[in-house]
Structures are given as structure tokens and as C-alpha cells.
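Participant: Here is a sequence with its predicted model. Questions after.
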Amino acid sequence: MGSERVLHIDGSIGEGGGQVLRTSLALSVLTGKAFRITNIRRRRSKPGLMAQHLKAVEAACAVGTAHVSGDRLGSQELVFEPTGIRTGQFHFDIGTAGSTSLVLQTIVYPLSLGNADSNLTLVGGTHVPWSPCFHYLQLHWLFYVRKIGFEIRLDLESAGFYPRGGGRVRAAVRAVRKLLPISLTNRGSLKRIRGISAVARLSREIAERQRRQALNKLGGLASAAEFEFLSLNAPSPGTFLLLLAEFEHSQCCFYGLGARGKPAEHVADEAVNELRDFLSTDGSVDYYLADQLVLPMALASGESEIRSSRITQHLATNAEVIKIFLPVSIEMDATVGLPGSIRIRGGA
């Protein structure tokens, strides 16, 4: 393949993390455009490809029937040349507590726009730092990507917590043809807060302490909260507390993860503090979701608009990578760190 046909991407642009690579992989498979990426994760304390990034490359290579070079631990340069979208049955084992969610989000959009349905099994971290946990995806991310037109089902066979991982997720992906724009500009009044306090291989008392602390911290909002307890199957201990706030026209989601030596009360505090921060803005969606919706919005026909509780550098970087691959217009009406609207025109 001639160099003039290969897109060149600087992996250190903007936020400069692994999302630059994952978005590039997803869009390369979708568009058939080859790319060379340099300076992969250059600004990180351990730059280059880590295990979960390599698994995302492997997954994209399988789905995109791609030729790849530079796919080794620590590599800061990669060349990826897709030849077409392959659907079917896939099994990916990260081998660490690397995020199953991030690997899934790398390949789920190309698979959705393939010519047949697919089924995935992913093994690794399901509730780990620096990535959306399984329950965030199932209860929140899926809620919105289904509105756009994607038909995806997720099931958790076992949870995988840091540092062991070993969780197991199954995903069923139906082939779709029509993707619709979305408009999320006014959240409306709060209707209820759905809470989940979960433990794996730990006493239920820890889950109860998390719930109790969350209700205390929610104060006047506690009357809108409904909690459920989960005892998860997992190869190692772990815990989390999740809050899903439902409004008239939208919803937001935040959670805290347990860790060795971290009090249950601190887990609850993390989720509640983020929810309160969100409520102090006029956002319709949380900033984590805004970042995750930019790519599926760019694939939909027409004009989409969402109001995020914060414009992040991560989101801005993601938008820049999308514009390298797709003929879309992405506009943001605020600077990084402030609430703002994201408008996307164009797409498939």
C-alpha cells in the first residue's frame, strides 16, 4: 500500500492517551482507510502499547481482516491496513485486568455495520479504573447507543476487578443499516436515582455501608433513591457503588470502585460527589458519556446535539481523530473544563 494512501496520526495530539489509537482502529475498519500512528501514549508514565491496547489492536485486526506491524508491548508506532469487515464469533482474552469495555468499544461499531450478526466473548477487567465499568455500559451507554440505532446486548458472566481481572463478558451485536441523530439538550426534572451497591467475595455488610453512606451524602436527594444489592461472581474480591440519575429527558451515571485499604464510605463518596457536581451544571449527559457518544453520533445521518456537563480534553481529542477519518463537522461551544454543547453534522 502506497504511503500516499495511509493516514498519518500523531498519537500525542491533545490528551494523547490510548483513545487516539482505539478510535483510529474503529474508524479504520469502518472506512477501510489504513493509518500509521506514531508517538503512541507518549505522554504517559509508561508510553507505548500496553496489554489492553495490544488486545484492542488484535480485536480490530480480526474484525478488519487487517495487516498490522508494530504490534508489540511498548511500541510507540503502529501501521494498520484493513481489508474488510468480518463478522461472526470472536473470543478475546486480555490476560490481565485490562478493560473489556475499551476493547468492546473499539470493535462494536464496525461489527454493527457489517453484513451479519456477531457474538463476542471478552475476558479481562470489567470493573477497573480509567474505563467505563460493565454496569455503566449496560445501564447507561447502551441506553443511548440504542437510541441512535445500534442493537447490542451485554451479559456479565463474571466480574473482573483490579488487579486480577478474569471477568467474562458476552456481547451480541446485530447488523444495522440505519442510524439516527439524537438531541439531548435539556435534561428536565429529576425523576429518580437508581443505586447499585455490589460486592464480590466480600461481606454484604460492605455493600450496606456503601449504600448507607450514599444515602447520607445524598441528603435531600435520598428520597428519590432506590437501591439494590448485588453479589457478583468473580475470581477475586471487589466492590462498587453506582448511581444512575434519571431525568425527564436524559440520564447520567457515576460510580466508585473499591480497592484494597479503601473504606466503603469513600467508594460511595466518589459516586455521590460526581453526581452532585453534575447537578450543579446544566448538562443533559455526564462528560464520560459525551466522550463515548461522539463516535456513534458521527456515524449517524443528520445533525446531533448533546449538552455535556463538561467539555474534556479527552472528548476534544476524540473529535479531532474522528475528523481525520470522516467528513463530519464537530462543533463545541465551550472550552475544556466547562459545560458545553457538542453538535455533529454529517456522517454515514
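Facilitator: Sure thing, it's come through. Residues are numbered from 1 along each chain as shown.

Participant: distance of the closest residue in space to R72 that isn't next to it in sequence from V123?
Facilitator: Spatial nearest neighbour of R72, chain neighbours left out: L49 (7.0 Å); criterion: Cβ to Cβ, 6 or more residues apart in numbering. Yep, even glycine has a C-beta here, placed from its N, CA and C like the rest. Separation of L49 from V123 (Cβ to Cβ, to the nearest Å): 19 Å.

Participant: try A172
Facilitator: Distance, A172 to V123, by Cβ to Cβ: 17 Å.

Participant: Equivalent analysis for V57, please.
Facilitator: 17 Å.

Participant: try H249
Facilitator: Counting by Cβ to Cβ - H249 and V123 are separated by 37 Å.

Participant: Tell me who's in contact with the residue nearest to R72.
Facilitator: By Cβ atoms under 8 Å, 6 or more residues apart in numbering, the residues touching L49 are L21, I40, R41, V57, D71, R72, L73, G74, S75, Q76, L78.

Participant: rewinding a little: out of A172 and V123, which sits in the busier spot?
Facilitator: Neighbours were counted for A172 and for V123 using other Cβ atoms under 10 Å; V123 has more, 22 against 13.

Participant: Local confidence estimate at the more buried one?
Facilitator: Per-residue pLDDT puts V123 at 97.

Participant: do the same with the one 5 residues further on
Facilitator: With respect to pLDDT, V128 scores 97.

Participant: Look up phi and psi at it.
Facilitator: Main-chain dihedrals, V128, degrees, to the nearest 10: phi -130, psi 160.

Participant: Need the nearest residue in space to it, chain neighbours excluded.
Facilitator: Per Cβ to Cβ, 6+ apart, closest to V128 is Y162, 4.5 Å.

Participant: Backbone dihedrals for the one you found, please?
Facilitator: phi -70, psi 140.

Participant: So it versus I344, what's the distance?
Facilitator: 34 Å.

Participant: Who has more neighbours out of these two?
Facilitator: I344 (27 against 20).

Participant: tell me the SS of I306?
Facilitator: Secondary structure, DSSP: H, G, I helix; E, B strand; the rest coil: I306 is strand.

Participant: same check, this time on A222
Facilitator: Under three-state DSSP, the three-state class of A222 is helix.

Participant: what are the ranges of the strands in the stretch 151-300 of the chain?
Facilitator: For the stretch 151-300 of the chain, the strands defined by DSSP state E, counting those that start in this stretch occupy 151-158, 167-174, 183-184, 190-200, 225-231, 238-247, 251-257.

Participant: re earlier: confidence-wise, which of the contacts of L49 comes last?
Facilitator: R41 (91).

Participant: Leaving out chain neighbours, which residue sits closest to that one?
Facilitator: P47 (5.0 Å).

Participant: re earlier: report pLDDT for the residue nearest to V128.
Facilitator: Per the predicted model, pLDDT is 95 at Y162.

Participant: Distance check, it against D93.
Facilitator: 17 Å.

Participant: follow-up on the earlier one: wait, which of the strands of the stretch 151-300 of the chain is closest to S12?
Facilitator: strand 251-257 (28.2 Å; Cβ to Cβ).

Participant: Off-centre distance for that closest one?
Facilitator: Put simply, strand 251-257 sits 13 Å off its chain's centre (Cα atoms, centre = their mean, to the nearest Å).

Participant: got the contact list for that strand?
Facilitator: Contacts for strand 251-257 (Cβ under 8 Å, 6+ apart): 127-129, 133, 135-136, 139-140, 143, 161-162, 187, 238-245, 266-271, 274-275, 278, 283, 285-286, 288-289, 309.

Participant: Now, of those residues, which are buried?
Facilitator: 127-128, 133, 135-136, 139-140, 143, 161-162, 187, 238-245, 267-271, 274-275, 278, 283, 285-286, 288-289, 309 (16 or more other Cβ atoms under 10 Å).

Participant: Name the residues of stretch 70-87 that are buried.
Facilitator: Buried, per 16+ other Cβ under 10 Å, within stretch 70-87: G70, S75, Q76, L78, V79, F80, E81, P82, I85, R86, T87.

Participant: First-to-last residue distance for that stretch?
Facilitator: 25 Å (Cα to Cα, to the nearest Å).

Participant: Surely G283 and S309 touch.
Facilitator: Yes - counting by Cβ atoms under 8 Å, G283 touches S309, with 3.0 Å between them.

Participant: what sits in contact with each of these two?
Facilitator: C252, P339.

Participant: related to what we said a few turns ago, what are the neighbouring residues in contact with the residue nearest to V128?
Facilitator: Contacts of Y162 (Cβ under 8 Å, 6+ apart): A97, G125, H127, V128, P129, G238, L257, A259.

Participant: Can you add distance to L218 and give those back as TSV?
Facilitator: What follows is the contacts of Y162, written out as TSV (distance: Cβ to Cβ, whole Å):
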residue	distance to L218
A97	30
G125	28
H127	22
V128	26
P129	24
G238	23
L257	19
A259	22
